[in-house]
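In: Following is a predicted model, sequence given first.
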Amino acid sequence: MKSNAKYVLFFVLPGMLMLLIFVIYPVARTFTLSFLNSEGEFVGLQNYTRIFSSRDIIDLQGFSRGFPLGALVHNLLWIAIHLPLTVALGLSLAVLLKNVKGGALIKSIIFLGMVMPMIVGGVMINFIFDRNLGIVNGVLSIFGITGKNWTAHPDTALLSLIFGSVWLWTGFSVVLYSAGLETIPKDYYEAAQLDGASSWKIFTNITVPLLRPITIVVITMTLLWELKVFDIVYVATMGGPGGASNVLALQMYTYAFRAFDFNRSAAVAVVLTLSTLVVSLSLLRSVKDEQA
């Protein structure tokens, strides 16, 4: 047993050391920095007060004049629009393509958005909503509507990124829902059809309830991605114009590497971490309830 313990320690120690250096220490250091000022003095919650009173995070005047509304509000808008669209589209496409000839190929094409690096996705969103080259303006011109460079206008920049990211993320929910549909016994559908149930009743009374565990996972993973979205915004708009598409992760980067205010950046990082922890814990609780 002692000999085996030495071997276990030999293999585990390097991984634990890497975890300590690259995960545990940075997290602890970030948490500590959020309570200090630039001179290293303890200032309590001052950094948190500064970020939540800053127009970069919440711009109350924006609700009357329009964008920008602040990075935190933009993240909440991203969740409010992107989450239901991603879940609904993923479930709908998975159900529609289940028994369609060539459905696997179509799912693969949809999943390309997930395989593609999000930095490339941000560049493509710029092209999609470009005034001269974009497909959006191409479709609008068919109906005689004059388009614009959607990502360059404060009132449409954030919405362009959100709707563009729906295409990039929908493949994730499609794959999970498609796998979940394969686990539902066909007997349930056959019995419902014999009872004369309509397609809609079968969908709402059989498919949706039995896919609830999958839905929990899709919602949680999508929420986590929406809270920490950075690369798409950074590449497509850099949070502009005028902060109209700014998000928390980008604001954290801006505080740290443009303003060199690492304490405020650490405070934003802690807020993001706590938000993701709340979402993760809710997932674990929901999964536990499902298993019970």
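Out: That came through fine.

In: Pretty sure Gly243 sits in a helix.
Out: No - counting by DSSP: H, G, I helix; E, B strand; the rest coil, Gly243 is not part of a helix but coil.

In: isn't it right up against Leu69?
Out: No - using CB atoms under 8 Å, Gly243 makes no contact with Leu69, being 9.1 Å away. Backbone N, C-alpha and C define where each C-beta goes, glycine included.

In: May I see the buried residues of stretch 205-222?
Out: 206-207, 211, 214-222 (16 or more other CB atoms under 10 Å).

In: before we move on, what about stretch 131-151?
Out: Buried, per 16+ other CB under 10 Å, within stretch 131-151: 134, 136-137, 147, 149-151.

In: can you check stretch 117-128 too?
Out: Of the residues in stretch 117-128, 118, 121-122, 124-126, 128 count as buried by neighbour count, 16+ other CB under 10 Å.

In: More neighbours: Gly243 and Leu69, which one.
Out: Neighbours per residue, other CB atoms under 10 Å: of Gly243 and Leu69, the larger number sits with Gly243, 25 against 22.

In: Provide the backbone phi and psi angles at that one.
Out: In terms of degrees, to the nearest 10, the main-chain angles of Gly243 are phi 80, psi 10.

In: And for stretch 279-292, what's in contact with it?
Out: Residues from elsewhere that reach stretch 279-292, judged by CB atoms under 8 Å, 6 or more residues apart in numbering: 212-213, 216-217, 220, 223-224, 227.

In: anything in contact with each of Gly243 and Leu69?
Out: Common neighbours of Gly243 and Leu69 (CB under 8 Å, 6+ apart) are Asp59.

In: hmm, back to that, using JSON lines, lay out the buried residues of stretch 205-222 together with secondary structure, distance to Ser141 and pLDDT.
Out: What follows is the buried residues of stretch 205-222, written out as JSON lines (DSSP: H, G, I helix; E, B strand; the rest coil; distance: CB to CB, whole Å; pLDDT from 0 to 100):
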{"residue": "Ile206", "secondary structure": "helix", "distance to Ser141": "44", "pLDDT": "89"}
{"residue": "Thr207", "secondary structure": "helix", "distance to Ser141": "39", "pLDDT": "90"}
{"residue": "Leu211", "secondary structure": "coil", "distance to Ser141": "40", "pLDDT": "92"}
{"residue": "Ile214", "secondary structure": "helix", "distance to Ser141": "40", "pLDDT": "90"}
{"residue": "Thr215", "secondary structure": "helix", "distance to Ser141": "38", "pLDDT": "91"}
{"residue": "Ile216", "secondary structure": "helix", "distance to Ser141": "42", "pLDDT": "88"}
{"residue": "Val217", "secondary structure": "helix", "distance to Ser141": "40", "pLDDT": "88"}
{"residue": "Val218", "secondary structure": "helix", "distance to Ser141": "35", "pLDDT": "91"}
{"residue": "Ile219", "secondary structure": "helix", "distance to Ser141": "37", "pLDDT": "90"}
{"residue": "Thr220", "secondary structure": "helix", "distance to Ser141": "40", "pLDDT": "88"}
{"residue": "Met221", "secondary structure": "helix", "distance to Ser141": "37", "pLDDT": "89"}
{"residue": "Thr222", "secondary structure": "helix", "distance to Ser141": "33", "pLDDT": "91"}
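
In: Generate a markdown table for those, with distance to Asn263 as supplementary columns.
Out: Below are the buried residues of stretch 205-222 laid out as a markdown table (distance: CB to CB, whole Å):
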| residue | distance to Asn263 |
| --- | --- |
| Ile206 | 53 |
| Thr207 | 50 |
| Leu211 | 45 |
| Ile214 | 41 |
| Thr215 | 39 |
| Ile216 | 36 |
| Val217 | 36 |
| Val218 | 36 |
| Ile219 | 33 |
| Thr220 | 30 |
| Met221 | 31 |
| Thr222 | 31 |
